[in-house]
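Q: just coords:
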């Protein structure tokens, strides 16, 4: 089944403790992206990647890192999470000319 | 001014009616436009894409694009209770289509 898989689905962590949210797609898509969704603010793009080793900032990149060492994987790294990064995170992938296919989401709580 | 604007709703329509959802955008250079449906607690699901002026139909869904007026709309014919969800309009900000900006979404309620 074609899909974007994120893990974990739920995560509660403490301020400052580094964490990684994994994302993998099995559709051989070139493009991948991370979004966060917050009430009243909607979906906002964090980072995106056009191909292996090619990444760029979205609208809200501060406090996040990404890497794209393989085509299928696009992990999101929070080096020192803070409570304002509590959010619902979505990984997505796409192939031209189509829109993004989203993963199931990761609900992160930073206390 | 927000880059992509939608009425948050809720938009309430009776079962079997046509639901009309609207979206305006600010960047005249945008080339790709998408409609997503998001059920509560779920991820956004792509339902329509449109790239040129005019109408595009897919089953009960019709997307309409007017670049001169900078608006995109989604019509849902024969609305069903299962169509009750939040509908998100997304517009690209780069030529490659990777930088998608989303509107805040319109909540649609279809009443039996």
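A: That came through, no problem. The structure presented is a predicted model; accordingly, all values stated were derived computationally and were not measured.
Q: and residue B:82, that one's in a helix?
A: Yes. According to DSSP: H, G, I helix; E, B strand; the rest coil, residue B:82 belongs to a helix.
Q: Each with direction, which strands does the helix or strand bottoming out on mean pLDDT in chain B pair with?
A: Lowest on mean pLDDT, DSSP states H and E among the helices and strands of chain B sits strand B:100-102, with a mean of 92. In the sheet, strand B:100-102 lines up against strand B:85-92 (antiparallel) (DSSP bridges).
Q: Give me the average confidence score over the partner strand.
A: Averaged over strand B:85-92, pLDDT sits at 96.
Q: Contact partners for residue B:42?
A: A:104-105 (C-beta atoms under 8 Å, 6 or more residues apart in numbering or on different chains). The C-beta positions use only the backbone N, C-alpha and C, and glycine is treated the same way.
Q: contacting residues around the nearest residue to residue A:5 once chain neighbours are set aside?
A: Setting aside the residues directly before and after it, residue A:5 is nearest to residue A:24 in space (C-beta to C-beta, 6 or more residues apart in numbering or on different chains), at 5.0 Å. By C-beta under 8 Å, 6+ apart, residue A:24 lies in contact with A:4-5, A:72-74.
Q: Now do residue A:24 against residue A:73, distance only.
A: To residue A:73, residue A:24 is 5 Å away according to C-beta to C-beta, to the nearest Å.
Q: Residue A:40 now?
A: 31 Å.
Q: repeat for residue B:33
A: Taking C-beta to C-beta, one finds residue B:33 at 29 Å from residue A:73.
Q: Could you check which of these two has the larger neighbour count?
A: Neighbour count, other C-beta atoms under 10 Å in any protein chain shown: between residue B:33 and residue A:73, residue B:33 has more, with 27 against 16.
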